[in-house]
Structure formats: C-alpha cells, structure tokens
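Q: got a predicted structure plus its sequence, pasted below:
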Amino acid sequence: MQVSIIGTGYVGLVSGVCFADKGHQVVCVDIDPNKVEKINQGFSPFYEPGLDELLERNIHSRLKATTDFRQAILDTDVSLIAVGTPFDGREVDLTYVKQVAQQIGEALKDKSTYHLVIVKSTVVPGTTDQVVLPILEAASGKKAGVDFGVGMNPEFLTEGEAISDFMYPDRIVLGGIDDRSIDLLDQLYEGFDGVDRLRTNNSTAEMIKYTSNSLLALLISFSNEIGNLCAAIGNTDIVEVMQGVHNSRYLTTVMPNGDRIVPPITSFLAAGCGFGGSCLPKDVKALIAHGEKYGSPMPLLDAVIQVNQAQPKQVIARLHKHFPSLEGVRVAILGLSFRPNTNDMRESPAIPIVRDLLAQKAILKAYDPVANAEAQHILGADALEYCDSLNQVLEGVQAVVLVTRWDEFRSVPELLTKLDPQPVFVDGRRLLDQHSIAKYEGIGL
C-alpha cells in the first residue's frame, strides 16, 4: 500500500520504518526540514535500539521523508496521524492533531480517489469522531464514509522495545466509522499473521489505549504502596512478597513438564522509585480529567498518580537514614532515562530525585549509557558532573542511587568491592541482590 505518516516522532517514525520493512511504500512527513534531512540520510533523530538499522535498510527504497505535506497525501492511499498530544493538566492538547486534520482535508479536496485517514496519536475517547472527522469534512467539502474513511489505530509500543513490539504485536486494534474503513486498515496489517485483531468503533479503540496504560500504571503504584508498607513494618521484603504473588495461578501457568510460564505483565508488579515516560503519567492524568468532564470521577486512578508522584521521596528517605544532612555528600546517580534502552527522560523519576538532592546541596555525579546529553538540557550542564562510565561515576562517592534498570548496572556489586570505604547503595529499582552489596538500601525493604 501507499502510506503517508504525519509526524516523525517516536510513534510516527517507528511505524513508518516498520511498515516499510513489511513491504509498504511509506512517506514520512514532518515540518522540520532538519529532521527530514537526517531521516533521509538514514539516521534517526532519537535513540531506539534497532531503528537505525531498519531505517538504513529501507530509506530510498520503500521509505522516504518529506516536508511536502500536500503531495504526500495526494500520492498515498492511507494517511496516519502520529503527532504529539501533550496534556496541559486540564485536557489533551489537540492543536497538532487539528492542524494535521485541516491540512489533510484541504489536500483531499483535490483528490478524486477514496482515501483513508487513521488517527494513531493517543487521543481521548470521542476525539476521532467528534473533532478529526468534522474538520476533515469541512476542509475537504467531502463526506466521511463516502469520499474518504476515518479510523483509529492505537499504538502499543514500549520505548526500548518498540521495533519488536511493532513487528510482533500482541494485538491489533482496528477502529473505524464503517466496514470499509476497517477493511482497508486491516489490509495495512496483512503481513502480521497470527495476531489477534479487534474490529471496533473509534471511541472504543481510543479507550482501549488509555485503559491499557492505566492498568500498567495501577499495577506499579499498587506494588509501590505495598512496598512502602513492607519497609514501614520491617523484616518484610517486597521482592519476596511479589514473588509469592507472581506464583499464583492467576498470574502464572505451570506446564505439564513443570515449567512455569510467567507473563510479562508481572514485571509491572514490582516496587521501585516510580513510573515515567511520555505515556503512563500523561495518559492516566488525561483519563482522570476526561472522567471529570463527563461527571465520572476516577478516585482510583487519582490515587495511582499521587502514589507515583511521592515515590521518588522514598529514595531520598533511604539516604537520610545514613546522612542526616546531605549537604556536601558526594552521590552517584545511575541512570537518568525513565527506563532502559532509551534516552527519553520525560517524567523520569531521576528528575525529581536529582533536583531534590541538589536542593539539599549534595554533590552529584551521574551516568546513563545514552541519556547524558538529554539530561544536560533538562537538568543543566553545570548542575552536576556527567560521567562516561560506571568506573568514573563511582569513584570517590559516599552514596550511590540506582534509578534506571540498565543491564550494565548489574556489574555494580563487583565494582563496589574495589572501593574503600564502601558507599551506601540505594537500589531504586530492586535490580540487584541485597546480599551482594555491603551497605544496601532498597525500595520496599
């Protein structure tokens, strides 16, 4: 199929590259000529494992980038809207979605063939039908369901694992205003064999995305709340508690040969210093606000956010057990991105942790395998020392705080044995064995 994708951010570019690798002809559209040039040279504007390789393989054969919005619409059969939808604290900002819908509609005015418009951006239920569709009709002078189709196709991509998530999805949600829209959207996924597909209306498709992310956030905050209670009680470890919970038949399956199948969702039933990223915090807050708009308050999700916002304080509290005053204390921060395998720092727990420590006049060093440059934009280039290796960040510190679950950090116990005196180690992710480090402090312990 001939596909245009509007927006070359995380969702747009990953989708474009993967659709091209599946055999479609894809043109990615962006207003930023620098991003377009970089993509056409085979380089991704952001870090995502495996993306540069796929981009290099498909660029100029099945994939290209352009700033020519109108021509991209005229030359393709399907357009996917994949622009940002930030949350301003009261509602989802649809500025970019509306602008793109207007431009698509204006291009469709001069197009004689049927065209499918798909919203892939995360938008609250009702947006596709009540906002995007009317703009398309008004700008094109044409009728949805007759001259063009409208659908909603939510993404379920995990940063750091996006290529695998896209190429081997666990589900494909096909939303549309009619069978023709859904059928054409279904054709876009013809190369994805054996995947469960749900055909539904646009509002339901939008709600599935928010509900999925809200469930994951709920599991994390639930685990953190139990973990905080374990720490308060004493002699109780949240890691062992959750191991006992995971072994329930509700969460695992024991095969006839005795092998235990542990589903990935159990990874969200683990305590830590809080969730971050561009999706979970934003989507939960947006759904809460959307519920208020319809007179349906969501106290459970409200509590999820409250627990998460307080969780970075648990790290600071564990440092205070050893240092009543943090002024002048030399602290190493391990990990700055909100999760491993990405340089994304949006809503990362590292941000409030670092800012709190700086406010208490601690002396900070930090190391992240890929997010140091991004951190300098957010936290300041001179606010702390950014290190290029684990050995460098650990040298001469009195305390270490692990914030991100990078696999590289599993070597920390061995590196700490070479230090004298041993620093206090605060495991904000419970990544490491507590018995492998002399002065170990962990969330939920």
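A: Here it is on my side, so go on.
Q: quick one: Tyr294 and Tyr210, what's the gap?
A: From Tyr294 across to Tyr210, the span is 13 Å (Cβ to Cβ, to the nearest Å). For glycine as for every other residue, the C-beta is placed from the backbone atoms N, C-alpha and C.
Q: neighbour-wise, which of these two wins?
A: Using other Cβ atoms under 10 Å as the criterion, Tyr294 and Tyr210 rank with Tyr210 on top: 21 against 9.
Q: which SSE is the closest residue to the more buried one other than its chain neighbours in?
A: In space, and not counting its chain neighbours, Tyr210 is closest to Leu287: 4.7 Å by Cβ to Cβ, 6 or more residues apart in numbering. Here Leu287 is covered by helix 280-293, with elements defined by DSSP states H and E.
Q: buried residues in that helix?
A: 280-291 (16 or more other Cβ atoms under 10 Å).
Q: in CSV, list those along with distance to Asp183 and pLDDT.
A: Formatted as CSV, the buried residues of helix 280-293 follow (distance: Cβ to Cβ, whole Å; pLDDT from 0 to 100):
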residue, distance to Asp183, pLDDT
Leu280, 33, 95
Pro281, 36, 95
Lys282, 32, 95
Asp283, 29, 96
Val284, 33, 97
Lys285, 35, 96
Ala286, 30, 96
Leu287, 30, 96
Ile288, 35, 97
Ala289, 34, 95
His290, 30, 95
Gly291, 33, 96
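Q: pull out the buried positions in the lengthiest helix in the chain.
A: If you go by DSSP state H, the chain has its longest helix at helix 202-233. By neighbour count with 16+ other Cβ under 10 Å, helix 202-233 contains the buried residues 202-203, 205-210, 212-214, 216-228, 230-231.
Q: same question, stretch 37-57
A: For stretch 37-57, the neighbour count (16+ other Cβ under 10 Å) marks 38-40, 44-51, 54-55 as buried.
Q: compute the first-to-last residue distance for that stretch.
A: End-to-end distance for stretch 37-57, by Cα to Cα, to the nearest Å: 16 Å.
Q: and the contacts of that stretch?
A: For stretch 37-57, the external contacting residues (Cβ atoms under 8 Å, 6 or more residues apart in numbering) are 8-10, 13-14, 17-18, 20-21, 28, 30, 35, 59-60, 63-65, 159-164, 341-344, 370.
Q: recalculate using a threshold of 7 Å.
A: Residues from elsewhere that reach stretch 37-57 (Cβ atoms under 7 Å, 6 or more residues apart in numbering): 8, 10, 13-14, 17-18, 21, 28, 35, 59, 64-65, 160, 162-163, 341-343, 370.
Q: next one: stretch 314-325
A: Stretch 314-325 has contacts (Cβ under 7 Å, 6+ apart) with 228, 273, 326, 329, 353, 356, 399, 401, 424, 426, 428, 441, 443.
Q: mind running it again at 6 Å?
A: In this structure, residues lying in contact with stretch 314-325 by Cβ atoms under 6 Å, 6 or more residues apart in numbering are 273, 329, 353, 356, 399, 401, 424, 426, 428, 441, 443.
Q: and which of those is nearest to Leu336?
A: Ile353 (9.7 Å; Cβ to Cβ).
Q: surely that closest one and Gln311 touch.
A: No - counting by Cβ atoms under 6 Å, Ile353 does not reach Gln311; the two are 9.9 Å apart.
Q: pLDDT weak spots in the stretch 101-250 of the chain?
A: For the stretch 101-250 of the chain, no stretch is flagged by pLDDT under 70.
Q: and the strands in the stretch 51-200 of the chain, which stretches?
A: Ranges of strands in the stretch 51-200 of the chain, per DSSP state E, counting those that start in this stretch, are 63-66, 78-81, 115-119, 148-152, 172-176, 197-200.
Q: what residues does the fourth one touch?
A: By Cβ under 6 Å, 6+ apart, the list of residues contacting strand 148-152 from outside reads 108, 115-119, 128, 133, 144, 175-177, 180-181, 185, 202, 205-206.
Q: now restrict those to buried residues only.
A: So, by 16+ other Cβ under 10 Å, the buried ones in those are 108, 115-119, 128, 133, 144, 175-177, 180-181, 185, 202, 205-206.
Q: Pro154: neighbour count?
A: When neighbours are counted by other Cβ under 10 Å, Pro154 registers 24.
Q: tell me how far it lies from Gly175.
A: In terms of Cβ to Cβ, Pro154 sits 8 Å off from Gly175.
Q: overlap in contacts, these two.
A: Ala205.
Q: got the contact list for the nearest residue to Ile208 once chain neighbours are set aside?
A: What sits nearest to Ile208 in space, not counting adjacent residues and going by Cβ to Cβ, 6+ apart, is Val173, at 5.4 Å. Residues near Val173 by Cβ under 6 Å, 6+ apart: 154, 198, 205, 208.
Q: same deal with Val284?
A: Going by Cβ under 6 Å, 6+ apart, Val284 touches 214, 217, 301, 304-305.
Q: any idea how far Thr158 is from it?
A: Relative to Thr158, and taking Cβ to Cβ, Val284 is found at 16 Å.
Q: ok, Asp68 next?
A: When Asp68 is compared with Thr158 (using Cβ to Cβ), they lie 32 Å apart.
Q: kindly export stretch 238-248 (C-alpha atoms) in PDB.
A: As requested, the backbone C-alpha atoms of stretch 238-248 are provided in PDB (Å, rounded to 0.1, in the frame of the first residue of the first chain):
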ATOM      1  CA  ILE A 238       8.600  -6.500  48.700                       C
ATOM      2  CA  VAL A 239      10.600  -8.600  46.300                       C
ATOM      3  CA  GLU A 240       9.800 -11.800  48.100                       C
ATOM      4  CA  VAL A 241       6.200 -10.700  48.600                       C
ATOM      5  CA  MET A 242       5.800 -10.200  44.900                       C
ATOM      6  CA  GLN A 243       7.500 -13.500  44.100                       C
ATOM      7  CA  GLY A 244       4.800 -15.100  46.200                       C
ATOM      8  CA  VAL A 245       2.100 -13.100  44.400                       C
ATOM      9  CA  HIS A 246       3.600 -13.900  41.000                       C
ATOM     10  CA  ASN A 247       3.500 -17.700  41.700                       C
ATOM     11  CA  SER A 248      -0.300 -17.500  42.000                       C
END
